[in-house]
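Enquirer: got a structure for you, letters missing:
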């Protein structure tokens, strides 16, 4: 999977499991040879920077808005995108990504309203849904299976 | 990402869902135009949204959505020289669409005036 470009698109970091899953997924995919960029809001990227101050787990951090702008202006694109969402705004960003990017899209839907939010998704993507807020293990296990499928 | 926050704008609806924001624009504009996600207005603001993205015109004011990851979607309106230009650009693009449809022998679409149907019906057309 060398050179396959992956974008992890983080939304509002209000729900705790986003940060740990982003670090976990970034590291797992990087170890498998993917070229991973983690894009997020200012607060979401600061959480990663403080948690992973040497950039061991997340090597490339970027601004969510700047990354989307680069894709919209055809300056860059990705092969695979994992879009984190726990609210309508997160879903809206993922819908935009679906419309402007050629990447294969995976929607990571989490938080208390995960199931209802997942039902509002009308764009083409694979949904990974877990209504967890604090404990990331169930979502981690689901993502392990998804990554296993991707590398097959 | 954009100069929107530096512009003089009015908030018409705040912290709502994208769907509700779109319905607000459709129901409260004189003219409605549909564009794709990433459509650029005011030089550097690419609209984030779930297609179809509605842009409204009311007089010289442009009505549009602005989504913030932690706060949801806002409906904003700007009424200045730039909004007049943007509305002009939307009207021009619509005219081009009609001309293209006529050349291809298809009946022109009439997207300017909001129909009585829902936005989803309009999108399905």
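Expert: Here it is on my side, so go on. The structure displayed is predicted, hence computed values, not measured ones.

Enquirer: and the helices in chain A, which stretches?
Expert: For chain A, applying DSSP state H gives helices covering A:17-31, A:42-51, A:64-72, A:88-100, A:114-119, A:137-151.

Enquirer: will you turn the ones you listed into TSV that also has mean pLDDT, mean neighbour count and distance to residue B:14?
Expert: Backbone N, C-alpha and C define where each C-beta goes, glycine included. Formatted as TSV, the helices of chain A follow (pLDDT from 0 to 100; neighbours: other CB atoms under 10 Å in any protein chain shown; distance: least, CB to CB, whole Å):
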stretch	mean pLDDT	mean neighbour count	distance to residue B:14
helix A:17-31	98	21	24
helix A:42-51	97	16	20
helix A:64-72	97	20	19
helix A:88-100	98	25	12
helix A:114-119	98	16	20
helix A:137-151	98	14	30
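
Enquirer: closest one to residue B:11 among these?
Expert: Closest of these to residue B:11 is helix A:88-100, at 15.6 Å (criterion: CB to CB).

Enquirer: residues making contact with that closest one?
Expert: By CB atoms under 8 Å, 6 or more residues apart in numbering or on different chains, the list of residues contacting helix A:88-100 from outside reads A:9, A:11-12, A:64, A:68, A:71-72, A:81, A:83-85, A:103, A:105, A:107, A:109, A:117, A:120-125, B:17-19, B:36-38, B:48-51, B:67-73.

Enquirer: could you tell me which of those residues count as buried?
Expert: The neighbour-count test (16 or more other CB atoms under 10 Å in any protein chain shown) marks A:9, A:11-12, A:64, A:68, A:71-72, A:81, A:83-85, A:103, A:105, A:107, A:109, A:117, A:120-121, A:123, A:125, B:17-19, B:37-38, B:48-51, B:67-70, B:72-73 as buried among the contacts of helix A:88-100.

Enquirer: longest helix anywhere in chain B?
Expert: Assignment by DSSP H gives helix B:81-103 as the longest helix of chain B.

Enquirer: in what helix or strand does the residue of chain B most remote from its centre lie?
Expert: Centroid-distance maximum for chain B: residue B:105 at 27.1 Å, with CA atoms, centre = their mean. For residue B:105, there is no enclosing helix or strand under DSSP states H and E.

Enquirer: my read: residue A:34 touches residue A:4, true?
Expert: Yes - if you go by CB atoms under 8 Å, residue A:34 and residue A:4 touch, sitting 5.2 Å apart.

Enquirer: ok so, going back, tell me what the longest helix of chain B is packed against?
Expert: The contact analysis (3 or more CB pairs under 8 Å, 6 or more residues apart in numbering or on different chains; DSSP states H and E) places helix B:81-103 against strand B:31-35, strand B:53-58, strand B:61-68.
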